[in-house]
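> Coordinates for the following, if possible.
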Amino acid sequence: MKKFVLGFLCGAALVSSAAAYASDEIRAVLFPVQFEFNGEKVETPSRFAILNYNGHTYVPLRYMAENLGAGAAYREEDKIVAVVSEPSGAGDTEKRIWAAQYRLERGMSSKEVRDALGEPSFSALLDSSRQQWRYDIGASPGYQSSGGVSADMEALKRGDLQAQVFVSWNAAGEVDRYELWAAGAAEGGNRPVSVHIVYPDGSSSTSEY
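Predicted coordinates:
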């Protein structure tokens, strides 16, 4: 079975300066082109690579989705790539949770994260070279986090907070790990909290509390 390493989304890496290789010796050559969306030229971030294989142009799905007003995410548990439009008519809280789900990815710069989520609610140095940002989303008036760089599970379950996002940076100033803790609708007096984590190697996990 042929496996193509084409780097479509979610931090897939291209390991070559001239070409990306897959099993069965299939070669996809880097294709230095510019893109226009509705007549406007758009700069392609360095973390995205455009490929040419067999006369066809292969573009990272996340890059295309973002420039068409949508976002993309890979669900490792069921091997599904989800492309989801930004919710229309939604409030700030829902839009920021959507952005954390479908716009965040490994390799992003601090500017790109701020463009997606705004300014962090809290930041801390984990060690001499690694920083972490925390976002408190949908917080009740007067909310004060007691978690620092840990999720405030009690506030999420009480409804004082709709979601928290934690973004970790590597020494190069790029996102290398992130977490989304999001509270669901109350069921029998309990608000379940789902947790999605993307690790530095590109793998991910999802759980519920």
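
> Now do stretch 164-179: everything it contacts.
47, 100, 104-110, 113, 117, 120, 126, 129-137, 147, 149, 151-152, 156, 180-181, 195-200 (CB atoms under 8 Å, 6 or more residues apart in numbering). Where you see a C-beta, it was placed from the backbone N, CA and C, and this is true even at glycine.

> With stretch 124-139 instead?
Taking CB under 8 Å, 6+ apart as the rule, stretch 124-139 contacts 93, 96-97, 100, 113, 117-118, 120-123, 143, 145, 147-149, 152, 155, 160-171.

> ok, back up a step: got a ChimeraX select line for the buried ones in the contacts of stretch 164-179?
Here is the ChimeraX command that selects the buried residues among these (16 or more other CB atoms under 10 Å):
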select :47,100,104,105,106,107,108,109,113,117,120,131,132,133,134,135,136,137,147,151,152,156,180,181,195,196,198
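
> would you list every one of the helices in this structure?
61-67, 92-102, 110-117, 153-158 (DSSP state H).

> Could you identify which of the ones you listed is most buried?
helix 61-67 (a mean of 20; mean count of other CB atoms under 10 Å).

> Dump that one to CSV, restricted to CA.
C-alpha atoms of helix 61-67 as CSV (Å, rounded to 0.1, in the frame of the first residue of the first chain):
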residue,chain,number,x,y,z
LEU,A,61,-5.3,21.6,3.1
ARG,A,62,-5.1,23.8,6.2
TYR,A,63,-3.5,26.6,4.1
MET,A,64,-6.3,26.5,1.6
ALA,A,65,-9.0,26.2,4.2
GLU,A,66,-7.8,29.2,6.2
ASN,A,67,-7.7,31.4,3.1
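
> Number of residues surrounding the closest residue to Gln101 other than its chain neighbours?
Nearest non-adjacent residue to Gln101, counting by CB to CB, 6 or more residues apart in numbering: Ala73, 5.9 Å away. Here the count is done by other CB atoms under 10 Å, and Ala73 has 23 residues near it.

> The longest strand anywhere in the chain - which strands sit beside it in the sheet, and in what orientation?
Criterion DSSP state E: the longest strand present in the chain is strand 175-183. Here strand 175-183 has these sheet partners by DSSP bridges: strand 163-169 (antiparallel), strand 193-198 (antiparallel).

> would you list these in TSV and tack on distance to Ser85?
Output for the strands paired with strand 175-183, formatted as TSV (distance: least, CB to CB, whole Å):
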stretch	distance to Ser85
strand 163-169	19
strand 193-198	19
